[in-house]
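Enquirer: only geometry, no sequence info:
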Ligand SMILES: Nc1ncnc2c1ncn2[C@@H]1O[C@H](COP(=O)(O)OP(=O)(O)O)[C@@H](O)[C@H]1O
Ligand SMILES: [Mg+2]
């Protein structure tokens, strides 16, 4: 599902990732660890081309990404890529003026993939999947942080992604809300979604990740097969 070859990325004259090679099979969940500033966010952002990179190639969910794919010529491809490679951030970035249901239904509707009633009923199903069946009419400010993050996960799922990238999805949350978000992520992993999750919550990720990577000063190292032999085959 993901194959990265020779990926190199700088910020200014600082190399952040150098000649990174990694692979992820369909259905695998990788827990990504590493100190602050190591390049974890940069790695995830390269995978859906929120960050263009200088060298290497990324194959992900059927797309091939190379340096220089900016500008109008690639706009449509990158839009399709970002639907297939969903991303959930530390800060949930919900639209504050839209209800939870409309946050989830918006993208499938505006891209014309689903008509309004279908987008709404699918959004309702997704809210149920993240444990928020009864909160569709609530606005973000009426929801707890944990609930907002679960809406953000449902919103990414509404695009029918093949890969989900989580960047510290619980680190902006109070401790008592982390478990409810991690439970949703665990359910996704167990449903066979291919996922990378940057998280310091090893207590949780050990329960469902297949492998662990350490990002540190330009390198991505495989550090642990968490459940040896249990990773799905490509
Ligand atoms: N937009 C940017 N401009 C310049 N430097 C950046 C930018 N984003 C990240 N960096 C630098 O790249 C390095 C890796 O950052 P990041 O990927 O955010 O690390 P992590 O997510 O592991 O904390 C850091 O040294 C950071 O300062
Ligand atoms: Mg980061």
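Expert: That came through fine. Just so we're clear, the structure is a prediction, and the values are computed from it rather than from any experiment. Ligands and ions are numbered 1, 2, ... in the order given.

Enquirer: make it CA atoms for all contacts and neighbour counts henceforth
Expert: Noted.

Enquirer: Quick one: end-to-end distance for stretch 89-105.
Expert: Stretch 89-105 has an end-to-end distance of 19 Å (criterion: C-alpha to C-alpha, to the nearest Å).

Enquirer: Please compute how far that stretch lies from its chain's middle.
Expert: Taking C-alpha atoms, centre = their mean, to the nearest Å, the mean C-alpha location of stretch 89-105 is offset from the chain mean by 16 Å.

Enquirer: Can that stretch be said to contact ligand 1?
Expert: No - using C-alpha under 6 Å from any ligand atom, stretch 89-105 stays clear of ligand 1, with a minimum separation of 10.6 Å.

Enquirer: Repeat that for stretch 15-25.
Expert: Yes - using C-alpha under 6 Å from any ligand atom, a contact is recorded between stretch 15-25 and ligand 1, made by residue 16.

Enquirer: buried sites along that stretch?
Expert: 16, 17, 18, 20, 21, 24, 25 (16 or more other C-alpha atoms under 10 Å).

Enquirer: So which of these is the closest to ligand 1?
Expert: residue 16 (5.4 Å; C-alpha to the nearest ligand atom).

Enquirer: Next up, the contacts around residue 4.
Expert: 20, 21, 22, 23, 56, 57, 58, 59 (C-alpha atoms under 8 Å, 6 or more residues apart in numbering).

Enquirer: Regarding the residue nearest to the spatial centre of the chain, what is its secondary structure?
Expert: Among the residues of the chain, residue 165 comes closest to the average C-alpha position under C-alpha atoms, centre = their mean, at 1.8 Å. Of the three states, residue 165 takes strand according to DSSP: H, G, I helix; E, B strand; the rest coil.

Enquirer: how far away is it from residue 121?
Expert: For residue 165 relative to residue 121 (C-alpha to C-alpha), the value is 25 Å.
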